[in-house]
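Colleague: predicted model and sequence follow; I will ask about them next.
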Amino acid sequence: MSVLKLFSGEIIRLVKYKILPVGVATTAIWVAILYFLEPREELYLAPMFIFIDVGAMSILLIGASHFLEKQEGTIKSLMVMPVTKREILISKTAASMVLALESAVITAAALYFIHKITLNYALLFLFVIIAGAAHAAIGFVLSLIGRDFTSMLGIMAAYMFIFTIPSIFYSVGLIDEKYKYLMMVSPSHASNELIRAAVSGEYETGLIIAGCVYLILLAAVLFRFAVYPMFKDKAVRG
Amino acid sequence: MSVAFSVQDLRFKYPSAKEDTLKGISFEVKEGEIFGLLGPSGAGKSTTQKILIKLLEDYKGSVKYFGKDLKDLGKSYYEEIGVGFEVPVHFSKLTALENLKFYSGFYKSKADIRELMERVGLWEYRDKKVGEFSKGMKVRLNFVRALLNKPRVLFLDEVTNGLDPKNARIIKDMIAEYRKDGGTVFLSTHLMNDVEQLCDRIAFCVNGSLVEVSTPRELKLKYGKREVKVEYNENGNLSTAVFSLDGIGENEEFVNLLKSKQIETIHSGETSMEEIFIIVTGVELNERTEAV
Ligand SMILES: Nc1ncnc2c1ncn2[C@@H]1O[C@H](COP(=O)(O)OP(=O)(O)OP(=O)(O)O)[C@@H](O)[C@H]1O
Ligand SMILES: [Mg+2]
């Protein structure tokens, strides 16, 4: 019950603090771009757009809402309510999932309405949730490490440099295909591969399963050993 | 009457600090009393409150809440206590009413939000965003938030800081009523006014230690000088004379003065709580600079 109330509170705030509207606006930009593309290009770019929303926007949004709350001291006020820190974290993660799913739903709808492209929606939904959970965990870690929003952006840039840029190099052929399993170590790349698989319907099963397992484990480990203890510590002081 | 809090040899050190912030303090808060924790800035008042509301956990010593170890209490503890933080905390983009409804939704026991808001004069501003509130309005809303669950124990940190005298009066009346209805209050402040008007007992906290636990009355008896100061006109100049309050009716010099001189002012000079604060803590009050 508490989780539901916390979750609806998170969603209301994401709207009132203009975070969700900004998320929808970026997706709208993707849709506008898709409108002018050929179907073949779309199938190539649509997964990338979804990935940007799941893998980068969601980190930004978690950071923005974290530092807003820190500034207003409201995390502290939640800590003296009859709710547990676990419930608070679950509701925040679920709220960030809404952002990721919103992007997937709008993009998939755009593909259908513009070029009548259909895809495996259940698979896309599942993969977005998995990639979203891992990136929510990463978003929390980066936010909790950062002193303020600016320093968090710096840390995020470093993160993208290490994990996201190589994935882009790989997809444009700058990195040899023999490294495809090694590349999956990058959460960005693993997420990107999953979303691409769901949208295009073409994938190597072993690689995709490895990606799913890895992202789920990563999310679990980060939440249990990094996010939860750091959140406990920071929420009090923030 | 039972004991709400029993604190024994409480020690606490912030991870980043060099020495202990709380250096072994012991006190009891009895059920149904207003207990004031008083002391100069940086003494450790807010830190003590944060420990009692389970925000800070790695403390040494024992804290018991109605006989149970604080460390064994789960989230149900928060059904029973209300917390007013030092700096008001609200969602600034939500309205006052939206804020209160959000918080109230988590409690089993719910106070009447409208009644509380009317009482502190905020009902007419219920649909205004808290970000557009004045400082005093935020302070009042912060106080209402602390009462949302009809708490058994109320924690208030600098509760009247930033309020005009009229609103400070309203809040103090509400605290006094809350106590009359059986509530227990833990009040930390450096405002002597609050303490003198509200507290049943006071603990002075200086530099992480308690130096004196007493009642306002006892303090006055212990530290107070009982005297009368008379200012009178002597050939166009202002003169002053001081007499002991004891046996003042038989004090000829005093009576003669009243008869023969043109009196300008008479003050009974009980030592003010403010002076007692300075005597006990050895620290000058500096209220103005503390306003956030
Ligand atoms: N998060 C923190 N980390 C490190 N030190 C802290 C922290 N919070 C407070 N302190 C230190 O602990 C001491 C006690 O602070 P505390 O806030 O309890 O004082 P206070 O008595 O409430 O003062 P005031 O009247 O100014 O509110 C101060 O020296 C302060 O600098
Ligand atoms: Mg304080």
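Modeller: That came through fine. Numbers count the residues shown, from 1 in each chain, chains lettered A, B, ... in the order given. Ligands and ions are numbered 1, 2, ... in the order given.
Colleague: next, residue B:173: phi, psi?
Modeller: phi -60, psi -40 (degrees, to the nearest 10).
Colleague: for ligand 2, what are the nearby residues on chain A?
Modeller: Counting by CB under 5 Å from the ion, no residue of chain A lies close to ligand 2. All C-beta spots, glycine's among them, are computed from the backbone N, C-alpha and C.
Colleague: helices along chain A, start to end?
Modeller: A:2-16, A:19-35, A:39-52, A:58-72, A:74-79, A:85-115, A:121-145, A:149-171, A:180-183, A:187-200, A:205-222, A:228-237 (DSSP state H).
Colleague: equivalent analysis for the stretch 151-292 of chain B, please.
Modeller: Assigned helices in the stretch 151-292 of chain B, in chain order: B:165-180, B:192-198, B:216-223, B:252-260, B:273-281, B:287-290 (criterion: DSSP state H, counting those that start in this stretch).
Colleague: nearest to residue A:51, of those?
Modeller: helix B:287-290 (50.7 Å; CB to CB).
Colleague: pLDDT averaged over the closest one - what is it?
Modeller: Average pLDDT, helix B:287-290: 41.
Colleague: can you name the residue of the stretch 101-250 of chain B nearest ligand 2?
Modeller: residue B:157 (5.8 Å; CB to the ion).
Colleague: thought that residue was touching residue B:49?
Modeller: Yes - counting by CB atoms under 8 Å, residue B:157 touches residue B:49, with 5.5 Å between them.
Colleague: who touches both of the two?
Modeller: Common contact partners of residue B:157 and residue B:49 (CB atoms under 8 Å, 6 or more residues apart in numbering or on different chains): residue B:188.
Colleague: might you list the low-confidence residue ranges for the chain?
Modeller: No chain was given, so I picked chain A. For chain A, the stretches flagged by pLDDT under 70 are A:235-238.
Colleague: let's do chain B instead
Modeller: B:269, B:283-292.
Colleague: which residue does it have closest to ligand 2?
Modeller: residue B:46 (3.2 Å).
Colleague: my read: that residue touches residue B:86, true?
Modeller: Yes - assessed by CB under 8 Å, residue B:46 is found in contact with residue B:86 at 5.4 Å.
Colleague: what touches both of these two?
Modeller: With CB under 8 Å, 6+ apart, residue B:46 and residue B:86 have common neighbours residue B:157.
Colleague: so who does residue A:228 touch?
Modeller: With CB under 8 Å, 6+ apart, residue A:228 has these contacts: A:85, A:86, A:89.
Colleague: burial of residue 138, as a residue count?
Modeller: Picking chain A for this. Around residue A:138 sit 24 other residues, with neighbours defined as other CB atoms under 10 Å in any protein chain shown.
Colleague: oops, I was thinking of chain B
Modeller: 20.
Colleague: what does residue B:50 give?
Modeller: Residue B:50 has 25 nearby residues by other CB under 10 Å.
Colleague: for the closest residue to it other than its chain neighbours, what are phi and psi?
Modeller: Using CB to CB, 6 or more residues apart in numbering or on different chains and skipping residues adjacent in sequence, the residue nearest residue B:50 is residue B:56, 4.7 Å away. Here is the backbone geometry of residue B:56 (degrees, to the nearest 10): phi -110, psi 130.
Colleague: so residue B:56 versus residue A:109, what's the distance?
Modeller: Going from residue B:56 to residue A:109 by CB to CB, to the nearest Å gives 49 Å.
Colleague: go on, residue B:1?
Modeller: 66 Å.
Colleague: more neighbours: these two, which one.
Modeller: Each of residue B:1 and residue A:109 has its neighbours counted (other CB under 10 Å); residue A:109 has more, 11 against 8.
Colleague: is the residue nearest to residue B:186 when sequence neighbours are not counted in a bridge, and if so with what?
Modeller: Closest residue in space to residue B:186, ignoring its immediate chain neighbours: residue B:155 at 5.0 Å, by CB to CB, 6+ apart. Beta-bridge partners for residue B:155, by DSSP bridges, are residue B:83, residue B:186.
Colleague: residue B:155: what's it in contact with?
Modeller: B:49, B:52, B:53, B:81, B:82, B:83, B:84, B:146, B:185, B:186.
Colleague: run a quick neighbour tally on the third one.
Modeller: Right, the one you point to is residue B:53. 22.
Colleague: check contacts around it.
Modeller: Applying CB under 8 Å, 6+ apart, the residues contacting residue B:53 are A:80, B:81, B:83, B:155.
Colleague: gap between the last one and residue B:46?
Modeller: It refers to residue B:155. 10 Å.
Colleague: cool, residue B:229 as well?
Modeller: From residue B:229 to residue B:46 the distance is 38 Å (CB to CB).
Colleague: drop anything exposed from the contacts of residue B:53.
Modeller: A:80, B:81, B:83, B:155 (16 or more other CB atoms under 10 Å in any protein chain shown).
Colleague: with distance to residue B:260 as added columns, please give those residues in CSV.
Modeller: Shown next, in CSV, are those (distance: CB to CB, whole Å):
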residue, distance to residue B:260
A:80, 64
B:81, 61
B:83, 60
B:155, 56
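Colleague: could you dump these into TSV and include distance to ligand 1?
Modeller: Formatted as TSV, the buried ones among the contacts of residue B:53 follow (distance: CB to the nearest ligand atom, whole Å):
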residue	distance to ligand 1
A:80	16
B:81	18
B:83	14
B:155	13
